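Novice: return atomic coordinates for the entry below.
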Amino acid sequence: MTLGEACSKRILDLCKEHNISLNKLSIMCGITQSTLNNITSGVSRNPTISTVKKICDGLEIPLSIFFDTKDFDEAEPEIK
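Specialist: Next up is the predicted model:
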């Protein structure tokens, strides 16, 4: 799994955990729904840390919680 795929999966998992839609998340974090759709569909494969921070702020979780999943631990190396 790539980092982009891990981010996409994590965003969708967090929406499910919080019982919210991507539209609701976009309102909560001040990011357009199209941006979230692009990340979760794989169109945007490398969301910026600023975007991830906005998502975390909207969900009121620290960055460390966002990245604290096995998917990130097992993500493919970026340098090959």
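Novice: contacts, neighbours, all on C-alpha from now
Specialist: Will do.
Novice: show me where the chain has helices.
Specialist: Per DSSP state H, the chain carries helices over the ranges 3-17, 22-29, 33-41, 49-59, 63-67, 70-73.
Novice: redo those as JSON lines? Include mean neighbour count and mean pLDDT.
Specialist: Below are the helices of the chain laid out as JSON lines (neighbours: other Cα atoms under 10 Å; pLDDT from 0 to 100):
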{"stretch": "helix 3-17", "mean neighbour count": "18", "mean pLDDT": "96"}
{"stretch": "helix 22-29", "mean neighbour count": "17", "mean pLDDT": "97"}
{"stretch": "helix 33-41", "mean neighbour count": "17", "mean pLDDT": "95"}
{"stretch": "helix 49-59", "mean neighbour count": "16", "mean pLDDT": "97"}
{"stretch": "helix 63-67", "mean neighbour count": "13", "mean pLDDT": "96"}
{"stretch": "helix 70-73", "mean neighbour count": "14", "mean pLDDT": "94"}
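Novice: so which of the ones you listed gets nearest residue 80?
Specialist: Residue 80 sits nearest to helix 3-17 of all those, at 14.0 Å, using Cα to Cα.
Novice: that closest one vs helix 33-41, what angle?
Specialist: 110 degrees (axes from the mean of the first three to the mean of the last three Cα atoms, to 10 degrees).
Novice: what helices or strands is helix 3-17 leaning on?
Specialist: helix 22-29, helix 33-41, helix 70-73 (3 or more Cα pairs under 8 Å, 6 or more residues apart in numbering; DSSP states H and E).
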